[in-house]
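> Here's my sequence, what's the structure:
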Amino acid sequence: MKPLTEKQLLEELWSKGKPLAVFLHTPFCGTCKVAQRMLEVAEHLLPEGLLAEADVNMLPIVVEQYKIRSVPALLLADAERSGKPDIKYSMGSVEELLAQIRGVLS
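Predicted structure coming up:
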């Protein structure tokens with residue numbers, strides 16, 4: 001997963017052309033560590049460069065603008081940016097994560 005700064009993430013969200021999946025976390029969150037491990041497994045089954053990650057402690061504008069209410073979270077945006085990005089807070093299994101991420105690919 002490619003780490004993104006707030007500036008990079010906002011640029012990615014504002015630009016169109018490719019889908020985006022961003023894992024939002026904090027460094028000392030135990031549940032985030034579990035979710036991160038599942039995403040690392042899922043990443044091997046996804047197109048390269050699709051999955052990124054960012055620490056919400058460094059994203060005050062994104063947290064406010066997209067109303068991120070807890071971590072771990074997965075921010076999903078389709079290639080056209082046709083609407084507000086979808087934010088998933090439930091990360092039950094690798095299969096569920098793959099299905100959610102693949103949903104922005106089509």
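> Quick test: name the residue nearest the centre of this protein.
A centroid search over the chain (CA atoms, centre = their mean) returns Val22, at 1.9 Å, as the residue closest to the centre.
> so what's Asp86 closest to, chain neighbours aside?
Leaving aside its sequence neighbours, Asp86 sits nearest to Leu76 (CB to CB, 6 or more residues apart in numbering; 4.6 Å). Bear in mind the C-beta positions are built from the backbone N, C-alpha and C, glycine included.
> Regarding stretch 43-55, how distant is the last residue from the first?
For stretch 43-55, the first-to-last residue distance is 18 Å (CA to CA, to the nearest Å).
> Show me which residues of it are buried.
Using 16 or more other CB atoms under 10 Å as the test for burial, stretch 43-55 gives Glu43, Leu46, Leu50, Leu51, Ala52, Glu53, Ala54, Asp55.
> Mind checking which of those residues land in helices?
Judged by DSSP state H, helices contain the following of those: Glu43.
> Tabulate the buried residues of stretch 43-55 (TSV), appending pLDDT and distance to Lys16.
Output for those, formatted as TSV (pLDDT from 0 to 100; distance: CB to CB, whole Å):
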residue	pLDDT	distance to Lys16
Glu43	94	23
Leu46	92	20
Leu50	90	15
Leu51	95	18
Ala52	95	16
Glu53	97	21
Ala54	97	20
Asp55	98	25
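> which of the buried residues of stretch 43-55 sit farthest apart?
Spatial extent of these (CB to CB) is set by the pair Leu46 and Asp55 at 21.3 Å.
> Which residues are in contact with Ala54?
The contact partners of Ala54, by CB atoms under 8 Å, 6 or more residues apart in numbering, come to Pro3, Leu4, Thr5, Glu6, Leu9, Val22, Phe23, Leu24, His25, Val62.
> Skipping adjacent residues, who's closest to it in space?
Among residues not flanking Ala54 along the chain, Leu4 sits closest, at 4.7 Å (CB to CB, 6+ apart).
> So that neighbour sits against Glu12, correct?
Yes. Contact criterion CB atoms under 8 Å: Leu4 and Glu12 qualify, at 6.9 Å.
> anything in contact with each of these two?
With CB under 8 Å, 6+ apart as the test, Leu4 and Glu12 both reach Val22, Ala52.
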